[in-house]
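Novice: after the sequence you'll find the predicted model.
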Amino acid sequence: ESSAQVNVELKAMPYVMINSEPSGAEVMINGNSIGVTPVEQLIEKETVVELSKEGFITQTATLTGTDKQVSLTLEAVPVLITNAVAEVTAPVETPVIEEPVSNGMSPLIWAGIAVVVAALIAIILVKRNKK
């Protein structure tokens, strides 16, 4: 019997550990979810991954089989200031100043009448004193 030698070269599988800050982001490849971070994935060719988490801006990264680990930092979605402005500018109840009840004549008319009455009284008194 003859023996033959066979050489086999084993190649390491290109697994990539995908992390995010904060963790727990959903990882999508070609529209398919592969799990949440941290997650390990076989990447044999150039692949675009998308990480998303509620309250954070979605991030993408292009991975190759040479990457051993990748970590993406997700930024929080900016808070809209319009809500704060709406609360500050809420309508304020304006107090109503009630005018005193009158017979429809303004205080200026009443002042004019008082001047005329005073003048008439003065004229009458002057005429009485002359007699």
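Specialist: That came in fine, so what should we check first? Numbers count the residues shown, from 1 in each chain.
Novice: contacts, neighbours, all on C-alpha from now
Specialist: Noted.
Novice: where do the helices of this structure begin and end?
Specialist: Listed in chain order, the helices of the chain (DSSP state H) span 82-88, 107-130.
Novice: could you dump those to a markdown table with mean pLDDT and distance to T47?
Specialist: Written out in a markdown table, the entries for those read as follows (pLDDT from 0 to 100; distance: least, Cα to Cα, whole Å):
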| stretch | mean pLDDT | distance to T47 |
| --- | --- | --- |
| helix 82-88 | 53 | 39 |
| helix 107-130 | 83 | 86 |
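Novice: quick one: those as CSV, columns for mean neighbour count and distance to Y15 too.
Specialist: Written out in CSV, the entries for these read as follows (neighbours: other Cα atoms under 10 Å; distance: least, Cα to Cα, whole Å):
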stretch, mean neighbour count, distance to Y15
helix 82-88, 10, 45
helix 107-130, 11, 92
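Novice: low-confidence ranges in the protein?
Specialist: Along the chain, segments meeting pLDDT under 70 span 1, 12, 81-105, 131.
Novice: if we go to 80?
Specialist: Counting by pLDDT under 80, the ranges of the chain that qualify are 1-3, 8-14, 65-67, 79-110, 130-131.
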